[in-house]
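Visitor: my questions concern the predicted model and sequence given below.
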Amino acid sequence: MDLARTEVEPRAGEKPPARRRPRLRPCPRTHPRTGSAARLALMAVPVVFFGLFFAYPVAAITARGLRIDGVWRFGRIGDVLAQSDIRHVLWFTTWQALASTALTLLIALPGAYVFARFDFRGKQVLRAVVTVPFVLPTVVVGTAFLALLGRGGLLDELWGVRLDTTVWAILLAHVFFNYAVVVRTVGGLWSQLDPRQEEAARMLGASRFAAWRRVTLPALGPAVAAAALMVFLFTFTSFGVVQILGGPTFSTLEVEIYRQTSEIFDLSTAAVLTLVQFVAVGAILAVHAWTVRRRETALRLVDASVTARRPRGAGQWTLLAAVLATIAVLLVLPLAVLVERSLDAPGFGYYKALTSDEGGIFLVPPIEAVGNSLQYALAATAIALLIGGLAAAALTRRDAGRLVRGFDALLMLPLGVSAVTVGFGFLIALDKPPLDLRSTWIIVPLAQALVGVPFVVRTMLPVLRAVDGRLREAAAVLGASPWRVWREVDLPMVRRALLIAAGFAFAVSLGEFGATVFIARPDNPTLPVAVARLLGRAGELNYGQAMALSTILMVVCAVALLVLERLRTDRTGEF
């Protein structure tokens, strides 16, 4: 008798008994409505944060400018846009942004190819060096080029040439600032394209250029478009660079908004210009989101670690040398001149002068701006990690509807909407209970966190999307709560990305200037505000102290970037 059999054998002439199927208990899965509710719960805190500290201040200052004696004056929009000087500002803003974008692509695309396809000694350090200008405050960028191209600068001393009041200084400074955007965005994708596709085209008789034009260039198109749009966005809203290098001759929308609010006190004109900038930035971000989605879904990529190799032949070595020379002249030289100018006084005189308040510009010695900036940046980083982490978790699933995609676009708006408008809006909107924050220290970190959140989201989102959803489901089946699932499954995988996001948020918060210039108190200035105020005062001592503070800020940002490059394992992302 077979003990393993449990069925009873039927007698002759009897039908076998029907088999009874075992009842299977369904595996508990998250109901779609439950998942949507969880996503909305995650979105709640970021939405409230952006509503209170971004939408409300911008709407308040816009309403203050367009509502006169209790009546909305929308006709003011046509009146402002009809002014010839305003039309000139709009034209120059657009023209210089287009020229800066084209020049940046022309100079940076060879660098993107070198970082994507070549493997050479010191590549990791050089990658961090290339990224340092992007996280530097625009005030420091302007100061560095002022030391190189301005009166008494290196070119002035060597050849008697000054470019600080010309458009060329602005264009070169924009290339300096945005070089890393092209290298990381385009180079990140380029390093993942399979080189065998181009090699196959050449084996079929195509020339090297024809194979690149027909195979590689179409694949790179979305990344090049995304990089171009981001460069155009940053240059379209340029403030610190134009403020320092443009002088009274050149003015962008951002500079004009600052001038109308802080010097002329014409809030209606500033409100109209804010609306114009808002519409333009919204259109740019919409096109950028489309190019990003196209890049994510249209290509079949390979591991970036297998595509890079040492340069071969005279042509490739020449290209590598040319890129290194470009980096040395365009990126390293301005920073080196900045350091040299800060050391002009014997015995570190400019640095020692930072410990005194004899100049009367500040209520405290300028050196205290270093401690203030570090404290504000740490607080802003904590806020950005909280808000950005919740937002990235809400955006993890790709099958998002229009509501979630709109939420994603909302997170990017602070990078393009006038920081000057946000800062002045803070003064107007956050001065009454229960949001009377003008006299509190937290108002500065809140403004800085607005520009840090997009970097946190863009750093963490790809990593969160790469986590296998089945791991979360298995943990939920075993009875883990959502908090424990995140702690046990997601956090170990995104810990490194979280540290990188914190580093970027810290760096950009440290250098925020447009909003902070309005809300930083005279007895608690930040580094960028202190640099701008020192440059605005005549005198060799003030100029030297500005160079010294800029050097300190540059060193802090460079150290943060070097630490990030050591933490980074995935070299394919934008940042």
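Guide: Everything's here; your move.
Visitor: average pLDDT across stretch 270-281?
Guide: Average pLDDT, stretch 270-281: 84.
Visitor: just the element for Gly389, please.
Guide: Using DSSP states H and E, Gly389 sits in helix 368-394.
Visitor: which strands and helices lie in contact with that helix?
Guide: Using 3 or more CB pairs under 8 Å, 6 or more residues apart in numbering; DSSP states H and E, the elements in contact with helix 368-394 are helix 32-50, helix 402-416, helix 443-466, helix 491-510, helix 527-535, helix 540-567. C-beta: built from backbone N, CA, C; applies to glycine.
Visitor: gap between it and the chain center?
Guide: 14 Å (CA atoms, centre = their mean, to the nearest Å).
Visitor: same thing with stretch 425-440?
Guide: 27 Å.
Visitor: same question for stretch 479-489.
Guide: Mean C-alpha position of stretch 479-489 versus that of the full chain (CA atoms, centre = their mean) differs by 31 Å.
Visitor: quick one: terminal-to-terminal distance for it?
Guide: 13 Å (CA to CA, to the nearest Å).
Visitor: quick one: closest of the helices and strands packed on helix 368-394 to Pro195.
Guide: helix 443-466 (23.1 Å; CB to CB).
Visitor: averaged pLDDT, that closest one. What do you get?
Guide: 83.
Visitor: ok, then the element right after it?
Guide: helix 469-477.
Visitor: quick one on the thing from earlier: list the buried residues of the helix holding Gly389.
Guide: Under the neighbour-count criterion of 16 or more other CB atoms under 10 Å, helix 368-394 has 368-370, 372-373, 376-377, 379-394 buried.
Visitor: cool, and stretch 72-79?
Guide: By neighbour count on 16+ other CB under 10 Å, the buried set for stretch 72-79 is Arg76.
Visitor: please apply the same query to stretch 524-537.
Guide: 524-535.
Visitor: Val559: which of those residues is nearest?
Guide: Nearest to Val559 among those, with distances taken as CB to CB, is Leu527, at 14.5 Å.
Visitor: residues contacting that closest one?
Guide: 137, 369-370, 372-373, 510-511, 549, 552-553 (CB atoms under 8 Å, 6 or more residues apart in numbering).
Visitor: cool, and Tyr351?
Guide: Tyr351 touches 342, 548, counting by CB under 8 Å, 6+ apart.
Visitor: swap the cut-off to 10 Å and go again
Guide: Tyr351 sits next to 342-343, 345, 367, 544-545, 547-549, 551-552 when contact means CB atoms under 10 Å, 6 or more residues apart in numbering.
Visitor: same thing with Ala321?
Guide: Ala321 is in contact with Pro311, counting by CB under 10 Å, 6+ apart.
Visitor: phi, psi of it?
Guide: With angles defined as degrees, to the nearest 10, Ala321 shows backbone torsions of phi -60, psi -40.
Visitor: number of nearby residues for Pro218?
Guide: 11 (other CB atoms under 10 Å).
Visitor: now it: which helix or strand?
Guide: helix 217-236.
Visitor: so what's the gap between that helix and the chain middle?
Guide: The answer for helix 217-236 is 14 Å, by CA atoms, centre = their mean.
Visitor: give the next helix or strand downstream of that helix.
Guide: helix 240-245.
Visitor: many thanks, have a good one.
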